[in-house]
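> starting from these lines, generate the structure:
(one chain, ligands or ions: 3)
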Amino acid sequence: MTECGNSSASAGTGSGGSFHSMWRELLPIGRHSGSHGYRRFAWTGADTECRAWFKEQAEARGLTYEVDRNGNQWAWLGDPAQGDAVVTGSHLDSVPDGGAFDGPLGVVSSFAALDELRSRRAEFAKPLALVNFGDEEGARFGLACVGSRLTAGQLTAEQAHLLTDGEGVSLPRAMEAAGHDPEGIGADPDRLARIGAFVELHVEQGRALDLSGDRVGIASAIWPHGRWRFDFRGEANHAGTTRLLDRRDPMLSYAETVLAARREAELAGAVATFGKIAVEPNGVNAIPSLVRGWLDSRAADQESLDQVVGGIEKAAGEYARAHGIDLDVVRESFTPVVEFDHALRDELARILGTTTDLKVPVLGTGAGHDAGILAGHIPTAMLFVRNPTGVSHSPAEFAAEDDCVAGVLALADVLEGLACR
Ligand code: GLV
Ligand code: MN
Ligand code: MN
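Ligands and ions are numbered 1, 2, ... in the order given. As a prediction, the model looks like this:
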């Protein structure tokens, strides 16, 4: 099995060739030499390089390039004012030490699918746009899908102004430093009104396709999910001279809460993860004064998610009281369950049923996406490409060359079916 970007072979299509050369160009950007993972955080140098790459690809194809008020990049074929546009794309930013595929696979596949349609001499009856949504992962400012949330009005300009990164830099200042004027951020209903359908192709972040032996799938729904910040405040003191009995050590209640999260998730058939932590003063020989842990939790339905998070909060409160610790819990973001548009989903299945002999299963996911944000506003669908290990948000994330090309061809078929005569 060869990784897409490490092969010069194509599957014998125009799109395969352009896919591989684009993939190779993008691969080195933002890859850390030690971890080999990607650090493409919103509005940093690596992100700016990815965005320059998107602009170049758009211009090289004679597409009309624009950056919207919220910093999302668009490449248009045809006149957006005509309305009922078909849009495809994903994101180019990453989690800390993320993989190469989560996001970029959808963006690169969008350009490659357009190349494929041009090689088929497809005639477009509707405008087509390719998009790179800004700050999907929320790695820098703590909130996922900032670009699509702003556009959809799910994050207001006032709320966005309050977002800061770990160094205290606000989102507007970071945008400005990267050359984007933050003045006009906020809901963009006129833009959404021009879109008839959005289709996001994404690497699968689980093993369902691998287990069913299929290359490509269609999304049914996204689990409800959110992020909560737990602040455990105790008292800093000397690690060598403070008797155990005299300590107010927030690390203890935090550690017990991590174990409670695992238990609650198991009970509800859900997932709960403390993946990020900040400790003050963060000294080896100091009892911490503050332990701040971020919980990410997701479940198949709202009731289960409420049960898990409620259970974790209750346990955290009890552990905190037992150790003389003050606890604050803040919900930082939340996305309710998303059911993708049934008519569009069926249309994708119908199109792929006639254009390919692939079996294309319909599957749900626990991962969040810009498509999930837009689904509340416009007909939205997703295509997944097989990931043989299911690993994601890690440098080990992978999709095989042939599967990536199958994804490009499936996306081209879908776009042709939706946008062409
Ligand atoms: C984004 O990939 C998420 O699901 O957190
Ligand atoms: Mn992701
Ligand atoms: Mn993604």
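> which residues of the chain lie near ligand 3?
By Cβ under 5 Å from the ion, the part of the chain that sits against ligand 3 consists of Asp102, Gly103. C-beta: built from backbone N, CA, C; applies to glycine.
> can you tell me which residues in the chain are near ligand 1?
Contact residues (Cβ under 6 Å from any ligand atom) of the chain with ligand 1: Glu137, Ala144, Ala367, Gly368.
> and the last one, which of the three is it?
So the one you mean is Gly368. The assignment at Gly368 comes out as coil when based on DSSP: H, G, I helix; E, B strand; the rest coil.
> count of neighbours near it?
Taking other Cβ atoms under 10 Å as the criterion, the count of residues near Gly368 is 24.
> what residues are up against it?
Contact partners of Gly368, counting by Cβ atoms under 8 Å, 6 or more residues apart in numbering, are Ala144, Cys145, Ile222, His225, Thr335.
> quick revisit: could you export the residues of the chain next to ligand 1 as TSV, including distance to Ser392 and pLDDT?
Converted to TSV, these look like this (distance: Cβ to Cβ, whole Å; pLDDT from 0 to 100):
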residue	distance to Ser392	pLDDT
Glu137	11	98
Ala144	14	96
Ala367	7	97
Gly368	12	97
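> picking up where we left off before, looking at the contacts of Gly368, spot the one nearest ligand 1.
If you rank these by distance to ligand 1 using Cβ to the nearest ligand atom, Ala144 comes first, at 5.4 Å.
> show the contacting residues for that closest one.
Residues touching Ala144, when contacts are defined by Cβ under 8 Å, 6+ apart, comprise Glu136, Glu137, Gly138, Arg227, Ser333, Thr335, Gly368.
> one more time with 6 Å, if that's ok
Under the criterion of Cβ atoms under 6 Å, 6 or more residues apart in numbering, the contact list for Ala144 reads Gly138, Gly368.
> partner residues bridging Phe334?
Counting by DSSP bridges, Phe334 is bridged to Gly226.
> correct me, but it touches His225?
No - judged on Cβ atoms under 6 Å, Phe334 makes no contact with His225 at a distance of 7.7 Å.
> so those two - more neighbours on which side?
Applying other Cβ under 10 Å to Phe334 and His225 shows that His225 carries more neighbours, namely 23 against 12.
> the closest residue to ligand 3 within the stretch 151-300 of the chain in helix, strand or coil?
Among residues of the stretch 151-300 of the chain, the one nearest ligand 3 by Cβ to the ion turns out to be His202. It sits 5.7 Å away. The three-state label given to His202 by three-state DSSP is strand.
> quick one: residues contacting it.
For His202, the contact set (Cβ under 6 Å, 6+ apart) comprises Gly106, Phe384.
> also Leu77?
Remark: with contacts taken as Cβ under 6 Å, 6+ apart, Leu77 is in contact with Leu63, Leu128.
> in the chain, which helix or strand is least confident?
Taking all helices and strands of the chain together, the one with the lowest average confidence (mean pLDDT, DSSP states H and E) is helix 14-26, at a mean of 87.
> right, and the helix or strand after that helix?
The helix or strand immediately downstream of helix 14-26 is helix 45-60, counting by DSSP states H and E.
> residue ranges with poor pLDDT in the stretch 1-150 of the chain?
Screening the stretch 1-150 of the chain residue by residue with the criterion pLDDT under 70, one finds the ranges 1-15.
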